[in-house]
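Participant: Below are the sequence and a predicted model for it; my questions follow.
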Amino acid sequence: MPFREINSKMVEATVLPGQRLFSQRGAMLAYKGEVSFTPNLQGGQGGIMSMIGRRVANEATPLMSVEGSGTVLFGHGGHHVQVINLTGDTLYVEADRLLAFEGTLQQGTMFMGSQGGVMGMVRGQVTGQGLFTTTLKGHGSVAVMAHGGVFEIPVTPQHAVHVDPQAYVAHHGDVRNKLSTALGWRDMVGRGSGEGFQLELSGNGTVYVQASEEKL
Amino acid sequence: MYGAPGGPTIHDPMTLPVDDNVNKYTFCVELKGSQWFLQKGKMIAYYGSMEFNGIGHGRLDRLVRTSFHSPLHASEWVVAEGSGKMLLADRAFDVNSFDLEDGNLTIRSGNLLAFQPSLALKQSIVPGFLTLIGTGKFVAASNGPVVFMEPPIRVDPQALVGWADCPSPCHHYDHSYLTGVMGGLRAMTGLGGASGEEHQFEFVGAGTVLLQSSETLMAEQASGVLPSGPGVPGGGGAHTGPSQQAGAPRLPGQLGDLQRRFGL
Amino acid sequence: MFRLEGSKTLAVDLTGDAVKAKNGSMVAYEGQMAFKKMTGGGEGLRGMVTRRLTGESMAVMQVTGQGTCYFADRASEINLVSLHGDKLYVEASNLLCTDAGLRTGTTFTGLRGGATGNGLFTTTVEGTGQAAIMSDGTAVVLRVSAQYPLFVDPGAYIAHQGSLQQHFQSGVNFRTLIGEGSGESFQIRFEGEGLVYVQPSERNTIGGNV
């Protein structure tokens, strides 16, 4: 069942017997009916290997599974929440921006470094964002949080989009990402303009960018 | 003359709304020689002549006696009196006004921004909350728009803004994931951690519950802690950790007994 | 040229020209852009002293290129101000972006916050063009005229334009001194003709630090 946006900061999900939802721990604001919240040992789906992958990446998103019969309101810290509905494609999203998602989606982690080589790893060190991004694939709804809400920028083969890594929230579609610099080395060392590193996204899809450079 | 055409609306004392929202985050109150209670520091601008005085002193005594019965919170409130139009706001929170008609509403002290002296303010049994009784207008601030729901409902303590015309909530503890073999293992080893949803306020009956999507609260002061005395529930100073009773479900702080016992 | 993408993101379409923006405020862009840090605060010794006192939040960068650049800062709400040869005074930390055709400078406004330690420096923006200012929550624009002077809480003040005089009022009495003040002890009184922008929150702006 898709999530319903009650207002910009809260989503409502209907939980039915036999259907599972996953959400960030502590994200439940209120519920009606009989619903149980179980901390997920694996930190999500994908089996043990996936869990280990997450632990290694230190991206262990503390998740809980939500089951039962009733309605649950999700939200977190007053952050803006956006619902993205997937119809078979893959969403790449920063682990800490994930509020809740339906159990019908397949969860995995992707090592961003592989797409950027050495620069990918450097990106992780510099921005502290980690090297891993969570992937969600299949049919279902995802609720994503961001500081101040997100706006979408379409990515097309002719128009590559450059995003500040700290403002990047998620993307979906057939999009490749690469770390690039817009400055010479002199500006990077010491006090540069603060725009030293950028994430370059090319291909076909959409990027979700938040109106802030703060981590949640 | 100044003013960007097509730009934001420019307000002046004539066009500012009377006792209504200017935008989502700003509220305008008109005083005509009258008074309003407001939280300290929440006035952002005003036209006219106004005075702001802390509560509990001198000639405001009578007002305090009739409208403000919360000595523990007195230091956070001031009285605005004078004539003119005053803008109120709080940390860019959504502000909304509500009218109470011979009703009662309990709201978290940090979420109540201002109210008319025709309402009486008292301290709620639930620590950190204030109860407004009577007829009059009040302004509440919340992180995100307030959502109204009806009981039966269980609410995360940090998401609760208040409740109206309904019985006080009770506490609900959810440790169902700690039952069974896996549950026992979790409780002993602390593996898997806590779900973060162990405790909610449960509302049953008629009335309305007010929610917000937040965990950003004004620093809760020690106000709301009742003086200790015989028969006073919850009295006795700051909380001490929950005591461990045989057979009671373990609260999150207690997970990992085994680790502690073996000094791991 | 300047347009809003939602209320918290500024989109600027550049065709080879430049804009000045708050350091680090670019969140995304399409096309080709170059970012260069500028030294803000002014020239020479005074400039150096200004920079030292105001800290990093006054750091400005110049953005040039072809395409669209998106700016945002901590999810603050953005307001566009069009200037036609007049002057805008804005709290340094509340200025997001200015057209290349506008001249920016700093003025020392003196002690405006007393005990609350509000900003000593205000940025001036002069000329013809567009500027984007930010606020914590949607800003309210208030008109000041001869019959209606305006009183503003210093932490809520963001910017003003027009011919206004500012007087710093203090409502300190003995109760404030003994810690039982009203919380509204310091106010700025604006008189004259013009507009004042206020935000629905009270961020401290100690020399630019928020």
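Facilitator: Here it is on my side, so go on.
Participant: right, and the helix or strand after the helix-or-strand element of chain A with minimal mean pLDDT?
Facilitator: When the helices and strands of chain A are scored by mean pLDDT, DSSP states H and E, helix A:185-188 comes last with a mean of 40. Using DSSP states H and E, the helix or strand that follows helix A:185-188 in sequence is strand A:197-210.
Participant: Spell out whether that following strand and chain C are in contact.
Facilitator: Yes - using CB under 8 Å from any CB of the partner chain, strand A:197-210 reaches chain C at A:207, A:209-210. Every residue, glycine included, has its C-beta placed from N, CA and C.
Participant: Could you tell me which residues within that strand count as buried?
Facilitator: Residues of strand A:197-210 classed as buried by neighbour count (16 or more other CB atoms under 10 Å in any protein chain shown): A:197-202, A:205-210.
Participant: Flag the shaky bits of the chain, pLDDT-wise.
Facilitator: Assuming you mean chain A. A:1, A:41-61, A:111-132, A:179-197, A:215-216 (pLDDT under 70).
Participant: I was thinking of chain B, sorry if that wasn't clear
Facilitator: By pLDDT under 70, the low-scoring segments of chain B are B:1-7, B:56-66, B:70-75, B:175-197, B:214-264.
Participant: For stretch A:80-100, output the C-alpha coordinates as CSV.
Facilitator: The C-alpha coordinates for stretch A:80-100 follow below in CSV (Å, rounded to 0.1, in the frame of the first residue of the first chain):
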residue,chain,number,x,y,z
HIS,A,80,10.5,17.2,5.2
VAL,A,81,9.4,13.9,3.9
GLN,A,82,8.9,13.0,0.2
VAL,A,83,7.2,9.9,-1.1
ILE,A,84,8.7,8.3,-4.2
ASN,A,85,6.9,5.4,-5.9
LEU,A,86,9.0,2.9,-7.7
THR,A,87,7.6,0.9,-10.6
GLY,A,88,10.2,-1.7,-11.2
ASP,A,89,13.2,0.6,-11.3
THR,A,90,15.9,1.2,-8.8
LEU,A,91,16.3,4.1,-6.3
TYR,A,92,19.7,4.9,-4.9
VAL,A,93,19.4,6.8,-1.7
GLU,A,94,21.6,7.8,1.2
ALA,A,95,21.0,5.4,4.0
ASP,A,96,20.3,8.1,6.6
ARG,A,97,17.7,9.8,4.4
LEU,A,98,15.6,6.7,4.2
LEU,A,99,12.5,7.0,6.5
ALA,A,100,10.4,4.0,5.5
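Participant: Could you give me the buried positions within that stretch?
Facilitator: Here stretch A:80-100 shows A:80-84, A:86, A:90-100 as buried, counting by 16+ other CB under 10 Å.
Participant: if I look at A:Asp96, how far off is A:His76?
Facilitator: Between A:Asp96 and A:His76 the computed distance is 10 Å (CB to CB, to the nearest Å).
Participant: Sorry, wrong one. I was asking about A:Gly88.
Facilitator: 28 Å.
Participant: Kindly report the same for C:Lys22.
Facilitator: From C:Lys22 across to A:His76, the span is 28 Å (CB to CB).
Participant: Repeat that for B:Phe203.
Facilitator: Relative to A:His76, and taking CB to CB, B:Phe203 is found at 22 Å.
Participant: hey, where'd the helices end up in chain A?
Facilitator: With helices called from DSSP state H, chain A shows them at A:47-57, A:113-127, A:185-188.
Participant: okay, and the helix or strand of chain C with the least pLDDT?
Facilitator: For chain C, counting by mean pLDDT, DSSP H and E, helix C:174-177 ranks last in confidence among helices and strands (a mean of 53).
Participant: check whether whichever helix or strand comes after that helix contacts chain B.
Facilitator: Tracing the chain past helix C:174-177, the next element assigned as helix or strand by DSSP H and E is strand C:186-198. Yes - judged by CB under 8 Å from any CB, strand C:186-198 comes into contact with chain B through C:193-196, C:198.
Participant: Now strand C:186-198: buried residues?
Facilitator: For strand C:186-198, by 16+ other CB under 10 Å, it's C:186-188, C:190-191, C:194-198.
Participant: Can you read off the pLDDT for C:Gly171?
Facilitator: C:Gly171 is assigned 62 on the pLDDT scale.
Participant: Nearest to A:Asp174 among the buried residues of strand C:186-198?
Facilitator: Nearest to A:Asp174 among the buried residues of strand C:186-198, counting by CB to CB, is C:Tyr197 at 44.2 Å.
Participant: Brilliant, that's me finished.
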